[in-house]
Each structure stands twice: as structure tokens, then as C-alpha cells.
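Student: Show me how the following folds:
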Amino acid sequence: MANLNRKTFILSGVALAAGTVASAMPSTEKKKYPVVHHALFWLKNPTSMADRDKLVAGVKTLSKIKTVKELRVGVVASTEKREVVDNSWGVSELMFFDDLEGQASYQTDPIHLEFIKNCEHLWEKVIVYDAIEA
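Tutor: Next up, the predicted model:
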């Protein structure tokens, strides 16, 4: 009986180790959300933290749109000043979609249109970068 318990214990340990190794290996599957939508907003009043916070809150409402699979909202980071770094914007919106159709659907979604209606007075300029995984 003791021999059987030891054998079971050893086999369980081997199975656990194999599972750990397999989960640590890089995946060759396609990325989960291959379409990326990145919008940068320049505030009309760049020194107004209240305006910035209103815009951040507005952008976060976009996560309720069904086709938006992931949403990240950011503000300018205090990183080193270099020629290639543009820190002139105020708020960043980074979204991920399953496909181009989902991104297109987002554009006309009532939640997105409501966001524009409620927040467009806060920004002076918006630049969008859309990309699909290569």
C-alpha cells in the first residue's frame, strides 16, 4: 500500500511539472485580439486636471461596447525627454478588437456616439492609429 501511495505521489508530481512547463512555453497561436485602435487626445485646456479626468471617465464608458474586447486608458507618463518621444497629448485610449468588423461597429455604436457628444468639447485634436497584427 505504501508503494502505491508513493507511486501516485510521484506521478502526480510529474504531471504537475509537465503542466507548469507547458504553460510557460511560448504559444504559437494567433493573438487573442489582433485589431488595435489607439486614439490620442489633446485637451483644449491641457493644464486642467478636471477636464483630463472627465475625458478619462468618458473614455472608460467605451468598455461597455460589445465589440471592445479590452480597453486601456492612459495619461502622459513622465519618461525621459528624447527626440522620438511625443508627450504633447493628454489622454490615450488603446482598444483591442477581434476583427475589423468589430472595430467598424464600434464607430457607430450608440455608446461611442454618446461619448463624442458628451466629451468632444474637452479636446482640441484627436489622432487615431489603427493596426492589425502582421
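Student: show me what contacts the closest residue to residue 131 other than its chain neighbours?
Tutor: Counting by Cβ to Cβ, 6 or more residues apart in numbering, residue 36 is the residue found nearest to residue 131 once chain neighbours are left out, at 4.7 Å. Using the backbone N, CA and C atoms, a C-beta is placed for each residue, glycine as well. Residues near residue 36 by Cβ atoms under 8 Å, 6 or more residues apart in numbering: 94-97, 129-133.
Student: Among those residues, find the lowest-pLDDT one for me.
Tutor: Lowest pLDDT within these is found at residue 133 (91).
Student: neighbours of that residue, just the number please.
Tutor: Counted with other Cβ atoms under 10 Å, residues neighbouring residue 133 total 9.
Student: Checking residue 86 next. Helix, strand or coil?
Tutor: coil (DSSP: H, G, I helix; E, B strand; the rest coil).
Student: do residue 114 as well
Tutor: Note that with three-state DSSP, the state of residue 114 is helix.
Student: Distance of residue 37 relative to residue 82?
Tutor: 26 Å (Cβ to Cβ, to the nearest Å).
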